[in-house]
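Asks: Quick one, structure for this:
(4 chains)
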Amino acid sequence: MTAEPTLTARHPLESRRAALEALPGEPTITLDPLVSAVDLRVDPEPATLAALGAALGGTLPHTADAWTAIADGQALRLGPDEWLLTSAAATPHAWEDRVDALAAPHGGMAVDVSAQRVGLRLRGPGVRDLLAFTCSIDLRPAAFGRGRCAQTLLGQAAVLLVAHGDDDLAVLVRTSFAGYVVDRLVDHAGARTSRLAPV
Amino acid sequence: MTRVEGYGRIDRTRTVSFTFDGVPYTGHPGDTVASALLAHGVTTLGTSVRLGRPRGVVGSWTEDPGGLVQVEEPFPEPMLLATTLEVTDGLVARGVAGRGRLAQVADTARYDHRHVHCDVLVVGAGPAGLVAARAAARAGQDVVLVDDRPTPGGTLTGTETVDGRPATEFVDAVVAELAAAPHVTHLQATTAFGHYDDGFVLALERHGETTGRSARQRVHRIRAGRVVVAAGAIERPIVLEDNDRPGVMLASAARDLLHRHGVLVGREVVVFTVDDAAYAAALDLHGAGAAVRVVDGRAQAPAGWAARCAAAGVPVEAGTDVRGTLGTDRVRAVLVGETRREVPCDLLLVSGGWNPTAHLFSHVGGPLAFDDELVGFRPAAALPGTTVVGAANGTFALADVLREAGGADAPSAEPEVITPRRTLWRTPGDPARQFVDIARDATVADVARAVGAGMTSVEHVKRYTTIGTAHDQGKTSGVVASGITAELLGRPVGALGTTTFRPPYTPVPFAALAGRDRGDLYDPVRTTPVHHHHVAAGAVFEDVGMWKRARYYPHPGEDMATAVLRECAAVRRSVGVMDGSTLGKIDVRGPDAAVLLDHLYTNLMSTLKVGRVRYGVMCGDDGMVLDDGTVLRLAEDRFLVTTTTGNAAHVLDRMEDWLQTEWPHLRVRLTSVTEQWSILAVAGPRSRDVVGRVFADVDVSNDAFGFMTWQDTALDGVPVRLARISFSGELAFEVSVASWYAADLWVRLLEAGAEHGITPYGTETMHVLRAEKGYPIIGQDTDGTVTPQDLGMSWVVSRKKPDFVGKRSFARPLNSDPGRKHLVSLLPTDAATTLPEGSQVVAFTDRDPEQHADRGVLPPPPVPMLGHVTSSYRSAELGRPFALALVRGGRDRLGEVVGVPVGDQLVAARIGGTVLVDPEGARRDG
Amino acid sequence: MQLITCPWCGPREETEFRYGGQADLAYPADPSALDDEQWARFLFFRDNPKGAFAERWCHDAGCRRWLRAVRDTRTYVFAETRPYGRSTV
Amino acid sequence: MSTPEHPDFLWRTPEPKKSYDVVIVGGGGHGLATAHYLAQNHGITNVAVLERGWLAGGNMARNTTLIRSNYLWDESAAIYEHSLKLWEGLEDDLGYPILFSQRGVLNLAHTEQDVRDSVRRVEANRLNGIDAEWLGPDEVAKVCPIVNVSDDIRYPVQGATYQPRAGIAKHDYVAWGFARRADEAGIDIIQDCEVTDFVVDGDRVTGVRTSRGDIACGTVALCAAGHTSVLLDRLGVRTPLQSHPLQALVSELLEPVHPTIVMSNAVHVYVSQAHKGELVMGAGVDGYNGYGQRGAFNVIERQMAAAVELFPVFARAHLLRSWAGIVDVTPDASPIVGHTPYENVLVNAGWGTGGFKATPGIGWAFADTVAHGRPHPLVAPFALDRFVTGALVDEHGAAGVAH
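Replies: Next up is the predicted model:
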């Protein structure tokens, strides 16, 4: 072999990109770029959250099923003592080391899960209506407005739904299930004839 | 033609053509097959299921027990009601004799499901439902209003007035208001068919035949804060002789057909009733040009109605009854009173009162009780989250209905006096000719027979006579059957009760319930980041849980056996590479991580040194093997646990279970990293060269990189973990990398191994190689009844630990039974037969005890079984087939010959130890 | 089709949960001290009441936290759901 | 097609007597069969069958009527095969048209492991003298042409086990047939009579307390299925039973389309076409404990999805009615039959989804056990103490097949 090829990060949904681009009109479904992510586990003492938030350039969500913005990324609350912290700037390894170092003094820890999930972005009118075909939770903006997130099922697959706005949601899904989730969304996106007002 | 001008909500400007029983007919948009056929004077639609008697339309909607049709075009669908089937151009249908026909081919129409959340769900868009929906909408609530008919309004015909104007105008006004209101969803042609816990209602929306990708039918899965049942009521017939003859209908049905479809079903009409509502039908049909006479089974006709009839010239006869009908295919006369006076007519309308449509109330356990005034079963208690209003609640006077449903801003209607109904299930006559359920040809005689046989429960009578089991589920016959049974038993019908209402309210196509969970959407197809490379290499895949795993990579012309022999040889003699990314991976972290693992694994994990790897086995509380895998100690307080592909979720769930509910004091956190890390296994004597070449900076020599150790390194700046783990007995490395890079790394390994002929291998080869070493596959060589000791793995069961999950069960009497099954190898003595996996193991009986044969005789059953073959393959290395088996006392029978029945032969096989290749383990370090 | 209230995520469809059977069965402090009879009771014997039942559910598809519920096995109605073991809800 | 002529008389409705030699608690299939064989085989007729509701109105009225004996373990195969042999002569024995139809059962395999488990079960069956074959996909299609054996489904059919002698029967008629015979023999069948407690004297039970008064008895034979643990709780006897909803459903009447019985564990489907023409389907057991006689609808939706995948022609068949029974399941998916700590209280429970097919077999063996006060060899392996020794008969561990 001559010139060593370099290892390249491949998007797990590369093979579905074409299908998504071929979707007719709104809502659109696009692939989120790959970002670094850690699973942060720490007991939710107010002081701890304050300190971590400050260090990460934001505030960690104090309530269940909510997300906040932090420097270069998001903090999504997954459970009483669990957060998903993303960063578009740091490398996965650096991100794990950094958050881990911040959490350690509080008895917490961070584990790199950057490649565990992949993100889809759904934008445009009817996006909640589209999700309602496969997702059972109450997606009415009043119940799931901007700033909320929820771990639930899309069809048979576990996903993390993130509300960016009324017509703007993200779906995070484990990479091995991602193809299925895209196929399900595309299946409905191409075929919706809902006579219902958008939820 | 029996179509009358000025009536009906059909579009007379357009005509549609359809075929029924081979004869072409026309109808109008808005027509049903029933209304269109009746408009053409066709009254017989089919024949009955048992007696072959003519059957016609009795009701005008889903309650109809008579008018069953089979659709042939555009696509065969069985057992639909002519009264609910809209006519469309090209529709081809035929009457049926009680049984439908399924298509021979798959249905390509699309069906889907949609989740809906609302504050209030209103079922029924009749007067009660419309007013209830309006009230909720005005209160600013999210409202969903569903109604099963194509158009709203329910029983309102326009002859009534609401707020002083024709009811139909009122309906249009409310519908418009709802359409304009935000957060109101109004769906017609949508049937709420099932009601479950916590305000969960399923509704089927029908779009008619569709093409392409728009749904033909959609199931709405509705979660409502409050459910308002305003589903109306169903009129009940009165049983009399030959009441199954076409031309006998419910009074409400004839009125409905007139006002919805402009069809006047009879010219000479007798109305037999014990209830006021039928008078409206009598007057409406009279007004449309029919000659009508009323026979009121009550002692006196209601004064108000009698006066209106007199004014209209409709004769009313009270205090008598109708005993039977005459005619051949259609009623030509009825027999009135004790004298059975013959009164000519072409239509007999009956009204025995009303059954509230409280099905959705009953589905969730709402109690129904018999109301003597109503003469019917109605909701008898409050149910949290569910309210029943209007006729469904036994309220019939329009003014009362509106008040009950609308509350404060209820509209007004003129008051009515409803004169008491009479309880009349049947009139005197020959019970063998009195039909209780015309859909099942069940008569009063059948009911009498059931009671005579000793049956005292309506459930028994229903099962004995099959009353109420047809397509209509007894909507009109159920309560009548209860009434007649009660009479025969001499007990009050209330005490007898009625049969339970069970979902669905009306039949729902299987495909609609299946929705989109079809084909690859039935269950997720899980794939690894390297999947497309396997596809490109022509891999044959197998389903392991939801995963697609490459099973083998056939070259052109190769079958599985040949391909696997080639792959095995490559690994044993040079090098192969396998995608092991589907293995479950769990990051176990925290000061007490080792304590948790010591609890869950049978062997010690706390003694594992950082940088080393240990194989571990997990058992259930019952001591049976659950899972196995390797454990890497990443740091004092951190382990990486791998599980089998199929058990990954289960093992994590179990760990969380212990951690959260049993030992919450442990400071440990679990994170699934199954998709985070991809594992590529490089195995074979040449694996060191390949790994050494790709990771030039790593000293892969045995001294620097020993067996069951791991090292971190990087490739092009990407972190990579290498581990000396072997599942084949050969020198082997597992290469772990963040999944983003796995596909590229796979290619890099193939390139680096090219000179050694590196061979991608699949799960089948992996299974053969591990079996040659006697390594069990949990779930294949075990079945939930096997202990580590049974597997000959006592070495993996710690004697030092005071306790671990499963330990106590090892001490149960049965676990020390010498007859327990042990995992052993079986070598067919002919060195040629591949024993089918799953084959049973029995004692070997020679044909001729003198000369030992490879084939024996199988004695006649019962033949005691010693165990079974769990794994069986051809071995490239051994040049022969071999098998693993669980055999009673197997380890105490090494060298013995046992028999394995294969087809009609008994194959001799010798029991041996499980390690068949490289017993001394010389190859492990290359 | 229950709507089960997860103490952390709120009301969710039954399909998001996994059933864990009877609650409050403590793993014996020293299983080796139990005779076969006592061990069998821990292993296999569970309450099976017709009425109120304290049981375990895990919000599998959500926060993956176990919850302790009291449910009526006749009506299926949940009287309460509480976090299980270590939880800071 | 036409329903058979029922006899003119089935059973009396007697008032309970003060005392009986044997009181059978539970007027379902097992209780009635036990009563019939007590009279016919052992001449014991001073017997009462106490039913809390209407006769055979529990699981007997709610099951999907599959009859087969192709179980893996010897102990299970023995009792179910004994039962199947009795089924084969039951119509004559009862003199009742129970519509027993031996149309065979296919148990589909969808994965390599399914195939191994299936072959293992078939081979075990043959060595036990039970008719069983392993069929490849093409042979499956020959037996049941409407099964989709193509590769275009999520879990393609890899083959199936086939037991030709398996069949179905009309559950109500079976119960009525047993009841009629028991009644003829002088046994009292008492409906609307709920047993609420027991009259205990030391380690014996001398009577039962019922909604219709106390009834003294020599022996108590419990055949109360899902309600067994509730009753035994009154005696302080614990059993490893859990009661779960089990759902089933039927379609409308259809012309013959499905010649056999098809089951698939992997996708939780069980389908046959009953004598009148309706498709009868069973689902998997609902996950949680429940006495509500109703289950979760998503179970039925998933089952429908699997059914339409396996049988594309079912797409426009209609779900006509769905319902649920209460099945009592054990840790090893095998029944509990035999003695309790009370010497004259015998229990027969824990049949899970297997109760109907076992009806004559267990009635026969349980009657023998009651008559002689010791476990008949066919039921001996199913004693309560196996959970202590660990001698389980683990049907789901190996190749557990529902229904």
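Asks: which residues of the stretch 551-700 of chain B fall in strands?
Replies: When secondary structure is read from DSSP state E, counting those that start in this stretch, the stretch 551-700 of chain B shows strands at B:576-579, B:584-589, B:613-619, B:625-635, B:638-643, B:669-672, B:677-683.
Asks: looking at these, which is buried most?
Replies: Scoring these by mean neighbour count under mean count of other C-beta atoms under 10 Å in any protein chain shown gives strand B:576-579 as the most buried, with a mean of 27. Placement of C-beta: from N, CA and C, glycine included.
Asks: and that one with chain A, contact?
Replies: No: using C-beta under 8 Å from any C-beta of the partner chain, strand B:576-579 never reaches chain A; the gap is at least 12.3 Å.
Asks: What strands line up against that strand, and which way round?
Replies: strand B:677-683 (antiparallel), strand B:759-760 (parallel) (DSSP bridges).
Asks: start to end distance for stretch C:28-42?
Replies: With C-alpha to C-alpha, to the nearest Å as the measure, stretch C:28-42 spans 8 Å from end to end.
Asks: which residue ranges form the helices in chain A?
Replies: With helices called from DSSP state H, chain A shows them at A:17-21, A:46-56, A:92-103, A:127-131, A:175-189.
Asks: Please apply the same query to the stretch 801-926 of chain B.
Replies: B:807-810 (DSSP state H, counting those that start in this stretch).
Asks: Then chain D?
Replies: D:29-42, D:59-62, D:74-94, D:112-127, D:137-143, D:171-184, D:228-234, D:297-310, D:355-372, D:386-389, D:395-398.
Asks: Adding distance to residue B:26, mean neighbour count and mean pLDDT, write those out as CSV.
Replies: As requested, the helices of chain D are exported to CSV (distance: least, C-beta to C-beta, whole Å; neighbours: other C-beta atoms under 10 Å in any protein chain shown; pLDDT from 0 to 100):
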stretch, distance to residue B:26, mean neighbour count, mean pLDDT
helix D:29-42, 55, 26, 98
helix D:59-62, 47, 22, 91
helix D:74-94, 53, 20, 97
helix D:112-127, 55, 23, 96
helix D:137-143, 44, 16, 98
helix D:171-184, 46, 25, 97
helix D:228-234, 63, 20, 95
helix D:297-310, 35, 24, 94
helix D:355-372, 52, 25, 98
helix D:386-389, 72, 21, 90
helix D:395-398, 60, 20, 57
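Asks: out of those helices, which comes closest to residue B:871?
Replies: Closest approach to residue B:871 among these is made by helix D:112-127 (8.5 Å; C-beta to C-beta).
Asks: do that closest one and chain B meet?
Replies: Yes: remark: helix D:112-127 sits within contact range of chain B at D:112-113, D:115-124, D:126-127, by C-beta under 8 Å from any C-beta.
Asks: mind listing what's buried in stretch A:118-131?
Replies: A:118, A:119, A:120, A:121, A:122, A:123, A:126, A:127, A:128, A:129, A:130, A:131 (16 or more other C-beta atoms under 10 Å in any protein chain shown).
Asks: tell me the contacts of the first one?
Replies: By C-beta atoms under 8 Å, 6 or more residues apart in numbering or on different chains, the contact set of residue A:118 is A:11, A:12, A:13, A:31, A:32, A:34, A:172, A:173, A:174, A:175, A:178.
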